[in-house]
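Chemist: Provided below are the primary sequence and the corresponding predicted coordinates.
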Amino acid sequence: MGFSDKQLKVLRRNLDHRCVRSRTVNGRQLSYIEGWYAISQANRIFGFDAWSRETIESRCVLARENRGAFLAVYTAKVRITVEADGMKIIREGHGSGEGRGDSPGEVHDVALKAAETDATKRALATFGRPFGLGLYRKDNISRPQPMVAPPLAPAGQEQRFGLHPDDTTPIPRPSHYYGRRHQSTSRDFFPKPRPEETKDSAAAPPPAPAISADPKQNQIDKSQLAIAEPKRLRDKAHLKFVASQPCVTCGRCPSDPHHLRFAQPRAIGLKVSDEFTVPLCRGHHRELHQTGNEQSWWEQRKINPLEVAKALWEKTHAKAKERT
């Protein structure tokens, strides 16, 4: 085995449930980890310059165009190579990805990236639980179970050497990895504590956040981050109410709840928030989706859809505001 004892210890550790995401596919609830998290774990455990990823094969298995809307599906095969103690450990994985949109180039690019990311996660999962290996079990439920915390390391070391589950510091490699010319000493692995670090501050780790039975309450509110992301609210009752309204352009019924795509920044596989929906009859709804510039389509009809959407949202949420 080429991995160091410290690397093996981390590879045997359970996956932090707070890093697990879930989505519904064909009526089934699936749990997964995001691609950026898997790559950051590989950098932390193996080292930034001790592993590599290579796309061996990529193929477009489906490409369709329907009235200006494009669909592409790709499959990819990725090879992961990890260097450990002079050995090369090779793992491979297959994955698939899908892209939808109005631009054929963007659709194919998104599908290919998604396939490569999926294959990378599957290949890394063969190294152990930190990469989501337990999520592929058939008896895995949709809501991940809380992680059992491992024994705590000596005070002041868990934050510096990757012994704490939330730590993202690369794990130091053994001294024989660097060869004779670069023999590392204990200084490389055990740096002196900073002046502001005291025994009192490093004695106890920060308390873990409370875990709610509702998985939606455990999700991170990305609108509060330094680089905030817009909230995308989901309300089935509001969409049903919008569909019951007459078309804003011709007044015909029944209507479809149309999401105003320009109301929020685009996101892969995500619609804008349900608060930005207006009723459109089937004919105008189809016509709008075939239009490249949605804002100009509304301007030609001299309609402000944002004001219409805001008024409809306030109607369905007036009672909720009164309660609060």
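Modeler: That came through fine.

Chemist: Going by C-alpha atoms from here, please, whenever you check contacts or count neighbours.
Modeler: Noted.

Chemist: Hmm, Gly97 is touching His108, no?
Modeler: No. Using CA atoms under 8 Å, Gly97 is not in contact with His108; the gap is 9.6 Å.

Chemist: overlap in contacts of those two?
Modeler: Residues touching both Gly97 and His108 by CA atoms under 8 Å, 6 or more residues apart in numbering: Val73.

Chemist: Show me the beta-bridge partners of Gly97.
Modeler: Note on Gly97: beta-bridge partners by DSSP bridges are Tyr74.

Chemist: Now do the contacts for it.
Modeler: Contacts for Gly97 (CA under 8 Å, 6+ apart) come out as Val73, Tyr74, Thr75, Val110, Ala111, Leu112, Lys113, Ala114, Ala115, Glu116, Asp118.

Chemist: Just the ones of these in helices?
Modeler: Residues of those located in helices (DSSP state H): Val110, Ala111, Leu112, Lys113, Ala114, Ala115, Glu116, Asp118.

Chemist: Check which helices and strands the helix or strand containing Val242 sits against.
Modeler: Using DSSP states H and E, Val242 falls within helix 236-243. Helices and strands touching helix 236-243, by 3 or more CA pairs under 8 Å, 6 or more residues apart in numbering; DSSP states H and E, are strand 256-259, strand 277-280, helix 305-316.

Chemist: Just want the angle from it to helix 305-316.
Modeler: 120 degrees (axes from the mean of the first three to the mean of the last three CA atoms, to 10 degrees).

Chemist: Rounded mean pLDDT for helix 236-243, please.
Modeler: Averaged over helix 236-243, pLDDT sits at 91.

Chemist: ok, now stretch 44-53?
Modeler: pLDDT averaged over stretch 44-53 gives 89.

Chemist: So what's the residue count around Cys253?
Modeler: Around Cys253 there are 15 other residues, counting by other CA atoms under 10 Å.

Chemist: Could you check which helix or strand contains Ala38?
Modeler: Ala38 is part of helix 35-46 when elements are defined by DSSP H and E.

Chemist: For that helix, which helices and strands make contact with it?
Modeler: helix 5-11, strand 69-84, helix 104-125.

Chemist: Now the first one: buried residues?
Modeler: Of the residues in helix 5-11, those buried under the neighbour-count criterion (16 or more other CA atoms under 10 Å) are Lys6, Gln7, Val10, Leu11.

Chemist: Setting aside sequence neighbours, what's the nearest residue to the second one?
Modeler: This means Gln7. Ile45 (6.1 Å; CA to CA, 6 or more residues apart in numbering).

Chemist: gap between the one you found and Leu11?
Modeler: 8 Å (CA to CA, to the nearest Å).

Chemist: List the contacts of Ala125.
Modeler: Neighbour list for Ala125: Phe131, Gly132, Leu133 [criterion: CA under 8 Å, 6+ apart].

Chemist: Apply the buried test to those and list what passes.
Modeler: The neighbour-count test (16+ other CA under 10 Å) marks Phe131, Gly132, Leu133 as buried among the contacts of Ala125.

Chemist: so which of those residues comes closest to His289?
Modeler: Closest approach to His289 among those (CA to CA): Gly132, at 38.1 Å.

Chemist: I figured the closest one hits Asp16, correct?
Modeler: No. Applying CA under 8 Å as the test, Gly132 and Asp16 come out as separate, 9.4 Å apart.
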